[in-house]
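A.B. asks: could you look at this predicted model? Sequence included:
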Amino acid sequence: LGLSSYYRRFIKNYATIAEPLIALTRHSDLKSFQWSKACQSSFETLRQRLIEAPIISYPRFDQPFILQLDASDVGLSAILA
């Protein structure tokens with residue numbers, strides 16, 4: 001939930017999609033919980049939305065582009081801003 005919540009502004013209807021997972025954190029006994037079909041569906045939807053490449057804004061060709069890269073032994077990421 002932490003990662004998806006960080007990017008919530010890019011996920012349409014985030015609160016509605018994440019509600020089954022958020023409800024799991026509201027219980028006082030966090031040592032046990034029931035993973036329902038709604039939780040699985042919520043998880044899969046959020047995962048899919050996070051790996052999609054949304055167009056947040058259209059490029060302005062009169063402005064410079066910034067390419068931010070990050071790499072490690074286990075992964076690589078890039079953002080064109």
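C.D. replies: Arrived safely, thanks for sending.
A.B. asks: which of the three states applies to Leu69?
C.D. replies: Three-state call for Leu69 (DSSP: H, G, I helix; E, B strand; the rest coil): strand.
A.B. asks: I misspoke; the intended subject was Ile79.
C.D. replies: Put simply, Ile79 is strand when judged by three-state DSSP.
A.B. asks: so what's the nearest residue to it once chain neighbours are set aside up against?
C.D. replies: In space, and not counting its chain neighbours, Ile79 is closest to Gln68: 4.6 Å by C-beta to C-beta, 6 or more residues apart in numbering. In short, each C-beta sits where N, CA and C put it, glycine included. Going by C-beta atoms under 8 Å, 6 or more residues apart in numbering, Gln68 touches 78-79, 81.
A.B. asks: from those, which single one is nearest Arg26?
C.D. replies: In terms of C-beta to C-beta, no member of the contacts of Gln68 lies closer to Arg26 than Ile79, at 33.4 Å.
A.B. asks: Leu50: neighbour count?
C.D. replies: Per other C-beta atoms under 10 Å, the neighbour tally for Leu50 reads 13.
A.B. asks: so where do the helices sit in the chain?
C.D. replies: For the chain, helices defined by DSSP state H occupy the ranges 2-6, 14-25, 37-51.
A.B. asks: what helices and strands are in contact with the longest one?
C.D. replies: To tie it back to what came earlier, the one meant is helix 37-51. Secondary-structure packing of helix 37-51 (3 or more C-beta pairs under 8 Å, 6 or more residues apart in numbering; DSSP states H and E): helix 2-6, helix 14-25.
A.B. asks: what do you get for the second one?
C.D. replies: For helix 14-25, the elements it packs on are helix 2-6, helix 37-51, judged by 3+ C-beta pairs under 8 Å, 6+ apart.
A.B. asks: good, wrapping up.
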